[in-house]
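>>> Okay, structure incoming, though there's no sequence with it:
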């Protein structure tokens, strides 16, 4: 299960300390954060790293608008809505503009970019 912090719609912004307390739970593997608060995201990454023992909890950016900043502060990748840009162009029109991408440019056989963990 992923925690999903999306205060724009829930009107609740999960605290970094609350997220870090969930790290030891065996059924929670990460967080998708769509808040856009990169300072808090950096704090969340720091607290999660301090709380995890096996490196099994990933912090993911939830918006393309701050994906690269999130990667810079230690996020594992992202699950974002946006157009897929590949070596053959973009599929914004054919796919309705929705897609997933992460820390590198791997694509599956359809040319659609897939989420990959940034190492």
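That came in fine, so what should we check first? Treat the numbers as computed from the prediction; the structure is a model and nothing was measured.
>>> How about the contacts made by the nearest residue to residue 8 once chain neighbours are set aside?
Distances taken as Cβ to Cβ, 6 or more residues apart in numbering put residue 34 closest to residue 8, at 7.0 Å, once the chain neighbours are dropped. For glycine as for every other residue, the C-beta is placed from the backbone atoms N, C-alpha and C. Residues in contact with residue 34 (Cβ atoms under 8 Å, 6 or more residues apart in numbering) are 4-8, 62-63.
>>> What's the separation between residue 34 and residue 40?
Plainly put, residue 34 is 12 Å away from residue 40 if you go by Cβ to Cβ, to the nearest Å.
>>> what about residue 25, how many residues close to it?
Other residues within reach of residue 25, judged by other Cβ atoms under 10 Å, total 11.
>>> Equivalent analysis for the one 5 residues further on, please.
The burial count assigned to residue 30 is 22, neighbours taken as other Cβ under 10 Å.
>>> pretty sure it is touching residue 2, no?
Yes. If you go by Cβ atoms under 8 Å, residue 30 and residue 2 touch, sitting 5.0 Å apart.
>>> between these two, what contacts are shared?
In contact with both residue 30 and residue 2: residue 60, using Cβ under 8 Å, 6+ apart.
>>> Can you give me the pLDDT of the nearest residue to residue 65 once chain neighbours are set aside?
Distances taken as Cβ to Cβ, 6+ apart put residue 36 closest to residue 65, at 6.7 Å, once the chain neighbours are dropped. Predicted confidence (pLDDT) for residue 36: 93.
>>> I'd assumed residue 36 was in a strand, is it?
No. Residue 36 is assigned coil when assessed by DSSP: H, G, I helix; E, B strand; the rest coil, not a strand.
>>> Run through the residues that contact it.
63, 65-66.
>>> quick one: it from residue 29, how far?
On the measure of Cβ to Cβ, residue 36 and residue 29 end up 22 Å apart.
>>> Also residue 48?
11 Å.
>>> With neighbour numbers in mind, choose between these two.
Neighbour count, other Cβ under 10 Å: between residue 48 and residue 29, residue 48 has more, with 23 against 13.
>>> surely the more buried one meets residue 23?
Yes. If you go by Cβ under 8 Å, residue 48 and residue 23 touch, sitting 5.6 Å apart.
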